[in-house]
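J.: Show me the folded form of this:
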Amino acid sequence: MMRLRSKRFSRSNSRVGGGGGVSPGATIGRGEIKWELRPGGMLVQKRESKENSGEETMITIRVSTVSKWHDISIQATSTFGELKILLSILTKLEPHEQRLLFKGKEREDDEHLHMVGVRDKDKVLMLEDPAIREGKLLGSGRTTRVIGAPYRTISV
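T.: Model (predicted):
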């Protein structure tokens, strides 16, 4: 019976037989490689990130509206809802009146920027909600159905 062994994570530093394995304490280039064991049991190279040091990474997003561009600095772990709140200050549109699109898809308020792939200097498109815009053009904020009068509506 033959046992197969992965060369990638072998513990031996032997160079006999093409031992190109990487040991947990291996040094490549600038320094020592640090490894971590993920909850699923996968051994991966440990990343050096600012999250470990307690700092939040700030990214700059370029938001395009119909008439102009806005460069906004925000934390990478923020949500699209938080971005809408910042945009409401700049554009005078309430967050529920805004529609944010990234990579051709409308994003929900509870989606995190870093989870959908927003990185530093990426572009996000902001549009006004067409239903609310139509309501503003007609001059009525909303229509409400009167109880007891099935076919009548009044403007509020």
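J.: Measure how buried Leu137 is and give me the count.
T.: 8 (other Cβ atoms under 10 Å). Using the backbone N, CA and C atoms, a C-beta is placed for each residue, glycine as well.
J.: Show me where the chain dips below the pLDDT cut-off.
T.: Within the chain, the stretches with pLDDT under 70 are 1-31, 48-56, 140-156.
J.: redo that, cut-off 50
T.: 10, 12-22, 27, 54, 145, 149 (pLDDT under 50).
J.: Distance across stretch 43-59, terminal residue to terminal residue?
T.: The first and last residues of stretch 43-59 sit 30 Å apart, counting by Cα to Cα, to the nearest Å.
J.: Relative to His114, how far out is the nearest residue to Phe102 once chain neighbours are set aside?
T.: Spatial nearest neighbour of Phe102, excluding adjacent residues (Cβ to Cβ, 6 or more residues apart in numbering): Val124 at 5.1 Å. Noted for Val124: a distance of 13 Å to His114, by Cβ to Cβ, to the nearest Å.
J.: Could you check which of those two is surrounded by more residues?
T.: Using other Cβ under 10 Å as the criterion, Val124 and His114 rank with Val124 on top: 20 against 13.
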